[in-house]
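A.B. asks: Sequence and predicted structure below; questions after.
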Amino acid sequence: MHEIRDCFGREYHVGPEPQQLIGRPRTWMAWLPWAAMAATGVLQYAFGSLVPHLTERGWSVAQTGWLLAAWTVFQAGAGFPTAYLRERGRLGPRTVMVLGAVLLLLGLVSLAHFTSYAAALVGYAVLGGTGAGLVYATCTSTVAKWYPERMAARVSFVTGAFAYGAVPFAVAFLFAPSTAVLDVTAVLVALVVGGAGMWFRDPPANWWPPHIDPREWARDRRLSPARPVRQFSFAEALRTGVLPLMYLVLLAASAVSLFTVAFFATLGTGMGVGLAVVAVGSAVLLGANGVGRSLAIRVSERIGRRRAIGAVLAAQAVGQVCLAGAAASESTFLLLIAAVLAGAGGGAFYPLFASLAREYFGDRDIAKTHAVVYSAKAVGGVVGVGLAALAVPSWGFPGVFLISGMVALLSAILTTRLRRPGHISTLPIMYVVDRTFPPVGSGGATQ
């Protein structure tokens, strides 16, 4: 292993080969996090299929919504401390993954067996949400460390599984929301997360694959992302005003996305279109949510992250209007079209914001910077699931979906205010006189 610095001053520890470090190809460190994320996403993305069943316990729609809202708070809130401790080497990935697997097991079992709302809130939301946050943060940081030259693409690949991995479970919960099914799901999730986590291992700090020259990679704009003007500390990033704006946009976008995921199945069943149609719509919604993350990263490499985020949020806004139309007209066609748009627009902004934070503020404090931006999802869950669940009985789905559409459109408009921090807005015109040679026409020698 030898150290190299590129033209931007970034340090790389080149080599050794992954085979020498972990005894297997580094693709293992992409597929193992992918599997763990696919299992973990069940607690968020399959929850909507359980809402009609949970209300049969005597819980109101609002109470059921607050279960997911509280879960989101703990899931997103666990990201910052996990990232902080992981970056300082105080938490190994295997330890965190095994702990996360245990908490996920307890969360799903609590949801299956506890008829007491308070007990379910503690078990599912507090324990299950914390476990999901531990797994999410560890999976994304692990794959980022092993793929520094393709970080955005690989992280989006892994986070996509967080959504579409829940598809078979969301469909199963619609048709068989029994305690036994939830128990089996809990065991499967724990085994996949814990089993995959046992193989997790971090590379050395600043590790770089030896088959790629990092200096050439850094100079080639087709391969490397846009660089920040300089490396920002976390405090400096806050003072730019760009980081708070990113937080606000993600808050609004995540609130809309979580509302759709939580109540799509309830909307479908209330329309009377049949469980088969609701199942297809749910599968399309979650599948588009996951696949859209990878596609959005590829598109953003051509048109830029900020423009891609704006396009994604605009698609989400149109999807909400279609959902409002479907709720008002009970149109199956509109419901399925809305599932595509709302799904694709409701997940792709997560990896895009992760990439944007790195490109705006640099790598030095990226764990803390992105963790704070991602924590906006916690507030988004409170607004988009908890408060929205209180509004649905009074305003109805058409009205609430129209409001969520306006919120999504506002978030898309706000992305136009995002600018790379550190640039001087205007530069004075400067004239530099080269006195090495006499001016042309003065009689002196010319070249």
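C.D. replies: That came in fine, so what should we check first? Residues are numbered from 1 along each chain as shown.

A.B. asks: so who does the closest residue to residue 345 other than its chain neighbours touch?
C.D. replies: Nearest residue to residue 345 in three dimensions, chain neighbours excluded: residue 316, at 2.9 Å (Cβ to Cβ, 6 or more residues apart in numbering). In short, each C-beta sits where N, CA and C put it, glycine included. Neighbouring residues of residue 316 by Cβ atoms under 8 Å, 6 or more residues apart in numbering: 253, 256, 257, 341, 342, 344, 345, 346, 349, 408, 412.

A.B. asks: State the mean pLDDT of the helix or strand encompassing the first one.
C.D. replies: If I follow you right, that is residue 253. Per DSSP states H and E: residue 253 is located in helix 242-271. Averaging pLDDT along helix 242-271 gives 94.

A.B. asks: which parts of the next helix or strand after that helix are buried?
C.D. replies: Next along the chain after helix 242-271, taking DSSP H and E as the criterion, comes helix 275-303. Within helix 275-303, the residues that count as buried by 16 or more other Cβ atoms under 10 Å are 275, 277-297, 299-301.

A.B. asks: Next: stretch 40-51.
C.D. replies: Residues 40, 41, 42, 43, 44, 45, 46, 47, 48, 49, 50, 51 are the ones in stretch 40-51 that count as buried (16+ other Cβ under 10 Å).

A.B. asks: by contact count, what packs against the one helix or strand the last one maps to?
C.D. replies: If I follow you right, that is residue 51. Element membership for residue 51 (DSSP H and E) is helix 47-55. Where contact means 3 or more Cβ pairs under 8 Å, 6 or more residues apart in numbering; DSSP states H and E, helix 47-55 is packed against helix 61-77, helix 167-175, helix 242-271.

A.B. asks: Save those as CSV, and put in mean neighbour count too.
C.D. replies: What follows is those, written out as CSV (neighbours: other Cβ atoms under 10 Å):
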stretch, mean neighbour count
helix 61-77, 24
helix 167-175, 21
helix 242-271, 24
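
A.B. asks: quick one, which of those helices is nearest to residue 108?
C.D. replies: With distances scored as Cβ to Cβ, the stretch of the helices and strands packed on helix 47-55 nearest to residue 108 is helix 167-175 (10.2 Å).

A.B. asks: Okay, strands next: where are they in the protein?
C.D. replies: With strands called from DSSP state E, the chain shows them at 2-5, 11-14, 207-208.

A.B. asks: Now do the contacts for the residue nearest in space to the middle of the chain.
C.D. replies: Centroid-nearest residue in the chain: residue 350, 3.3 Å away (criterion: Cα atoms, centre = their mean). Neighbour list for residue 350: 159, 293, 374 [criterion: Cβ under 8 Å, 6+ apart].

A.B. asks: quick one: contacts for residue 171?
C.D. replies: 49, 279, 282, 283.

A.B. asks: The closest residue to the last one other than its chain neighbours: what's it in contact with?
C.D. replies: Translated: residue 283. Sequence neighbours aside, residue 167 is the residue nearest to residue 283 in space, at 5.0 Å (criterion: Cβ to Cβ, 6+ apart). Residues in contact with residue 167 (Cβ under 8 Å, 6+ apart) are 282, 283, 286, 287.

A.B. asks: List just the nearest of the residues you listed to residue 194.
C.D. replies: Lowest distance from residue 194 to those (Cβ to Cβ) belongs to residue 286, with 23.6 Å.

A.B. asks: For this structure, give me the ranges with low pLDDT.
C.D. replies: For the chain, applying pLDDT under 70 flags the ranges 1, 6-9, 220-227, 423-447.

A.B. asks: returning to what we had before: what distance do you get for the residue nearest to residue 345 to residue 378?
C.D. replies: Using Cβ to Cβ, to the nearest Å, one gets 19 Å for the distance from residue 316 to residue 378.

A.B. asks: do residue 352 as well
C.D. replies: 19 Å.

A.B. asks: out of the two, which sits in the busier spot?
C.D. replies: When residue 352 and residue 378 are compared for neighbours, residue 352 comes out ahead with 26 against 22, by other Cβ atoms under 10 Å.

A.B. asks: Now the more buried one. Nearest residue, chain neighbours left out?
C.D. replies: Per Cβ to Cβ, 6+ apart, closest to residue 352 is residue 309, 4.9 Å.

A.B. asks: coming back round to it: deepest-packed of the strands of the chain, please.
C.D. replies: Most buried of the strands of the chain by mean neighbour count (mean count of other Cβ atoms under 10 Å) is strand 207-208; its value is a mean of 21.

A.B. asks: by contact count, what packs against it?
C.D. replies: Counting by 3+ Cβ pairs under 8 Å, 6+ apart, strand 207-208 packs on strand 11-14.

A.B. asks: Partner strands of the strand it packs on and their direction?
C.D. replies: Strands that pair with strand 11-14, judged by DSSP bridges, come out as strand 2-5 (antiparallel), strand 207-208 (parallel).

A.B. asks: And stretch 316-332, what's buried?
C.D. replies: 316-327, 331-332.

A.B. asks: Let's see which of those end up in helices.
C.D. replies: Judged by DSSP state H, the buried residues of stretch 316-332 include 316-327, 332 as members of helices.

A.B. asks: List just the nearest of those to residue 394.
C.D. replies: Nearest to residue 394 among these is residue 327, at 14.6 Å by Cβ to Cβ.

A.B. asks: For the closest one, give its distance to residue 386.
C.D. replies: Counting by Cβ to Cβ, the gap from residue 327 to residue 386 is 20 Å.

A.B. asks: ditto for residue 66
C.D. replies: For residue 66, the distance to residue 386 (Cβ to Cβ) stands at 5 Å.

A.B. asks: Kindly report the same for residue 363.
C.D. replies: From residue 363 over to residue 386 the distance is 35 Å, taken as Cβ to Cβ.

A.B. asks: more crowded one of the two?
C.D. replies: Shown here are residue 363 and residue 386; by other Cβ under 10 Å, residue 386 has more neighbours (23 against 16).

A.B. asks: right, and the more buried one touches residue 67 too?
C.D. replies: No. The pair residue 386 / residue 67 is not scored as a contact, 9.3 Å apart, by Cβ atoms under 8 Å.

A.B. asks: Can you give me the buried ones in stretch 395-402?
C.D. replies: By neighbour count on 16+ other Cβ under 10 Å, the buried set for stretch 395-402 is 397, 398, 400, 401, 402.

A.B. asks: now stretch 81-93
C.D. replies: So for stretch 81-93, counting by 16+ other Cβ under 10 Å, buried means 82, 83, 86, 87, 91, 93.

A.B. asks: how far out from the middle of the chain is that stretch?
C.D. replies: Centroid separation for stretch 81-93 versus its chain: 19 Å, with Cα atoms, centre = their mean, to the nearest Å.
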